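Sequence first, predicted coordinates after that:
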Amino acid sequence: MNDDELLAQLKAMDPAVISKAPRPDVPRLVEATMNTTTPTTVTTGKPAPRRLLVPALAFAALLLVGGGIAWGPGQGADVDTLDKPDLAMTLRLQPGGAAVKCAAPTSESLRQNELAFEGTVTAKKGDAVSLEVDHWYRAPADRSTTTVRLTQDESNSEAVSFQVGEHYLVTAENGTIPICGGTTVATDETRGWFRHAF
């Protein structure tokens, strides 16, 4: 390496290279911005009408969403299986926050449910799901029920996302499917959990 190559290498590695330095007016502009005072006006009294409108709109939206959840699952489902006026059992998903994280079900937690079955999804329309019961692990008093209708909540990360033709193990208590109650896709392992629990 000769002197010219060494000088070029040192210039390339120099942290104070002029080409990479900030423009000379940047410090002046920063200082001017920091020393400029902006007049502020403080008003006391009635809040602006717009500030009152936000909570009112939030409350109205909450009522609409709550009413839609309570009224919506049975409305507008035009899939044949969902429309039949037969002896179908209707279940609803337990309301819960979006940040729920569930532990793996145990035999004890599964046994706490008054209803447990394996079923095949026969129809799905929006949040409404219809399952044909394949096997009762813990049956209701009226065992003639072979169809179960329920609503699903795909917005919750822990809730099961039902797909037509798939088999699921479902648990319920007082007509409600708990988010962390053991409802899951039917596999050999999960069927073993249910056989052991019931």
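Structure's in. What do you need? Residues are numbered from 1 along each chain as shown.

For the rest of this, base every contact and every neighbour count on C-alpha atoms.
Will do.

Low-confidence ranges, the chain, go.
Scanning the chain for pLDDT under 70 picks out 15-22, 43-55, 65-89, 91-101, 143, 153-157.

Break it into its domains for me.
The chain breaks down by automatic domain parsing into domains covering 3-35, 80-197.

mind listing the strands for this protein?
For the chain, the strands defined by DSSP state E occupy 89-93, 115-125, 128-138, 147-151, 167-172, 176-177, 184-185.

Mean neighbour count added to these, as a markdown table?
Below are these laid out as a markdown table (neighbours: other Cα atoms under 10 Å):
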| stretch | mean neighbour count |
| --- | --- |
| strand 89-93 | 17 |
| strand 115-125 | 21 |
| strand 128-138 | 20 |
| strand 147-151 | 21 |
| strand 167-172 | 24 |
| strand 176-177 | 21 |
| strand 184-185 | 20 |
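
now for those, which one comes closest to residue 105?
The minimum distance between residue 105 and these falls on strand 184-185, with 9.9 Å, by Cα to Cα.

Within the sheet, what are the partner strands of the closest one, with directions?
Applying DSSP bridges to the sheet, strand 184-185 is found paired with strand 167-172 (antiparallel).

relative orientation of the strand it pairs with and strand 128-138 in degrees?
Strand 167-172 runs at 80 degrees relative to strand 128-138, counting by axes from the mean of the first three to the mean of the last three Cα atoms, to 10 degrees.

contact partners of strand 167-172?
Residues outside strand 167-172 that contact it (Cα atoms under 8 Å, 6 or more residues apart in numbering): 91, 110, 113-121, 162, 177-178, 181-186, 190-191.

would you turn the strands of the chain into JSON lines with distance to residue 104?
Formatted as JSON lines, the strands of the chain follow (distance: least, Cα to Cα, whole Å):
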{"stretch": "strand 89-93", "distance to residue 104": "18"}
{"stretch": "strand 115-125", "distance to residue 104": "16"}
{"stretch": "strand 128-138", "distance to residue 104": "19"}
{"stretch": "strand 147-151", "distance to residue 104": "22"}
{"stretch": "strand 167-172", "distance to residue 104": "14"}
{"stretch": "strand 176-177", "distance to residue 104": "16"}
{"stretch": "strand 184-185", "distance to residue 104": "11"}
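
mind checking how far residue 194 is from residue 4?
80 Å (Cα to Cα, to the nearest Å).

if you count what's nearby, which of those two comes out ahead?
residue 194 (24 against 9; other Cα atoms under 10 Å).

In contact with the more buried one, which residues are there?
Counted by Cα under 8 Å, 6+ apart, residue 194 has contacts 107, 110, 137.

try 10 Å
For residue 194, the contact set (Cα atoms under 10 Å, 6 or more residues apart in numbering) comprises 105-107, 110-111, 116-118, 137-138, 169-171, 182, 186.

returning to what we had before: now, of the domains of the chain, which is deepest in the fold?
Highest mean neighbour count among the domains of the chain (mean count of other Cα atoms under 10 Å): domain 80-197, with a mean of 17.
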